[in-house]
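Student: Could you work out the structure for the sequence below:
(one chain, ligands or ions: 1)
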Amino acid sequence: MKAFEPAAMGLLTLANRFVRSATYEGLANAQGLCSPGLTKLLVQLATGKVGLIIAGQTAVSQEGRADARGLCLWKENHLPALMDMAGRVQAAGGKIMLQLGHAGIVAEPSLTGKAAFGPMAGRRTDGHICRSMTRNDIRKTTVSFAHAAALAREAGFDGVQLHAAHGYLLSSFLSPHYNRRRDEYGGTVENRARFLLEVLLSVREAAGNDFPVLVKINVNDFLPQGVSVSDIVKTAALLEKGGITAIELSGGTLRSGSLNPSRTGLISRENEGYYKEEAKYFKDKINVPLILSGGLRSLDVVEKLLQDGLCDFAAMSRPLICEPDLIARWKQGDTSASMCKSDNQCFRPVRAGKGLYCLTRVQEGKKSMHRPA
Ligand SMILES: Cc1cc2nc3c(=O)[nH]c(=O)nc-3n(C[C@H](O)[C@H](O)[C@H](O)COP(=O)(O)O)c2cc1C
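Tutor: Take a look at the predicted model:
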C-alpha cells in the first residue's frame, strides 16, 4: 500500500505517508514550557507509527500568544524541555516538527499585555480593539519567526511548519476578508503573500536551506471576500519558488461557522478529505509534496487519494486524539475506519485547562490513551 511506503518530504524520509496535523494540546505550563505530559502524548503518536508528528501551534513571541497553555519559543530557557521532547519522540522512531505561529488579531491580551494586532485595525466580537501592524511590527515579527525556527533546529526538531491557516496572523494577511491594506502588504495576491514570503525567506536564512520548512494554508476561508482557490494556488507557487518543503491544505477560520477547520458530524466516506476538490488545482500547478488534511477517517479513502495523485501525504488531527495508535492498528491489518465521531468534544478538556484527550471515549467508559495523568 502506498500509504505505508516510506516517502520523501524534501531531504527528510518519512516511514509512511501519515501526518499528525498540528493540534493545540494545552499541555505546556504557564510559561509556555513543554511538560512531561505533552512529551508523553507525542511519544505515544510516534509509538503509534505516525510518519510525521506536527506539534500544536507554538508562539514565536509573547505578543503572538493565544492560549495560556500553548508552547512558546523565543528564549533559551524554552529549549531544554523541547530538546527532551524532540529526542524522546525520535528515540521512539518518530519524526517531529513544531508549528510556528502568531495569533494576530486573536492574540489574548491578558497573556500578551498588549493590544492584539493584524493587517487592519478593528473591533473583535469580544469588544477588544486591535491595531493595524506597522512595517516595523511586520519586520519584528518576521525576525521572531526566523529566531524561533533557528531555535527549533537547535532543539533537534526535524523541521517547522509555518501556521498560515485558520485566520491567525499569517493567514489573515493572505485573506482579503481581513486584509484591506493599501501598502505593499495588501491588494494583489503578491502583496498579500509578501509577509508570508518574507517569513519563509528569513526562516530559511536563519535555520539553513537544508532545514525542512512546511506551511499550512487555507484553500478557502469560507468568509465573505475570503481567499479563493485561484489566489491561493498563486500563493503556493510563490512559496514553491521561495523554497517551501511541503504544503498542507486546510480551510475555514473560527468565524466560518459550520465550515470551521474541524467540521462536526459523522463524515460520510464521500466527504472524507473536505478539500480534495481544491487539491486538484494545486496538483496541476505545484510540484512540492502536498499534505491533505480535513476529515480523513478511512484507510482505503486515504489510499485512493494517494493513488489518484490528489495528495502525497494524509494529515489527521481528531482521529489521532481518539486513537493515537490508529496508524499502527491499520498497519497491523485492522483497517476499520477511525472511531472518531467528529463531535469536537476534544476541545472541551483543552479549553478547561485539562489538556487534550478524547472526552467521548472517556464518557463511553473506554480508555483514552491520550488522557493526561
Ligand atoms: C483540539 C484541536 C486543536 C487544534 N489545534 C490546531 C493547531 O494548533 N494548529 C492547526 O493548524 N490546526 C489545529 N487544529 C485543526 C486540525 O489540525 C485539523 O486541521 C482539523 O481538525 C481537521 O482535521 P481532522 O478532521 O483530522 O480533525 C486543531 C484541531 C483540534 C480538534
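
Student: For residue 55, which non-adjacent residue is closest in space?
Tutor: Excluding its sequence neighbours, the residue lying closest to residue 55 (Cβ to Cβ, 6 or more residues apart in numbering) is residue 98, at 5.3 Å. C-beta: built from backbone N, CA, C; applies to glycine.

Student: That neighbour: which element?
Tutor: Using DSSP states H and E, residue 98 falls within strand 96-101.

Student: Contact residues of the protein facing the ligand?
Tutor: 21-24, 56-57, 99, 163, 165-166, 216, 250, 261-262, 293-296, 316-319, 346-347, 350, 356 (Cβ under 6 Å from any ligand atom).

Student: any weak-confidence spans in this protein?
Tutor: For the chain, the stretches with pLDDT under 70 are 367-373.

Student: Now do the strands in it.
Tutor: Remark: strands assigned in the chain by DSSP state E are 7-9, 12-14, 18-23, 52-59, 71-72, 96-101, 117-118, 122-123, 129-132, 159-164, 213-218, 246-250, 290-292, 313-316.

Student: what lines up beside the second one in the sheet?
Tutor: When pairs are called by DSSP bridges, strand 12-14 turns out to pair with strand 7-9 (antiparallel).

Student: what do you get for the third one?
Tutor: Based on DSSP bridges, the pairing partners of strand 18-23 within the sheet are strand 52-59 (parallel), strand 313-316 (parallel).

Student: ranking those by burial, who's on top?
Tutor: Most buried of those, by mean neighbour count (mean count of other Cβ atoms under 10 Å): strand 52-59, with a mean of 28.

Student: Break down the stretch 201-350 of the chain into its helices, ranges please.
Tutor: For the stretch 201-350 of the chain, the helices defined by DSSP state H, counting those that start in this stretch occupy 229-241, 276-285, 299-307, 318-322, 326-331, 347-351.

Student: picking up where we left off before, for residue 205, find the nearest of the strands of the chain.
Tutor: Comparing the strands of the chain against residue 205 with Cβ to Cβ, the closest turns out to be strand 213-218 (11.1 Å).

Student: got the angle for the closest one vs strand 246-250?
Tutor: Computed by axes from the mean of the first three to the mean of the last three Cα atoms, to 10 degrees, the angle separating strand 213-218 from strand 246-250 equals 20 degrees.

Student: Mind giving me the packing neighbours of strand 213-218?
Tutor: Under the contact definition 3 or more Cβ pairs under 8 Å, 6 or more residues apart in numbering; DSSP states H and E, strand 213-218 sits against strand 159-164, helix 169-174, helix 189-207, helix 229-241, strand 246-250.

Student: Adding mean neighbour count, write these out as JSON lines.
Tutor: Shown next, in JSON lines, are those (neighbours: other Cβ atoms under 10 Å):
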{"stretch": "strand 159-164", "mean neighbour count": "28"}
{"stretch": "helix 169-174", "mean neighbour count": "26"}
{"stretch": "helix 189-207", "mean neighbour count": "20"}
{"stretch": "helix 229-241", "mean neighbour count": "18"}
{"stretch": "strand 246-250", "mean neighbour count": "26"}
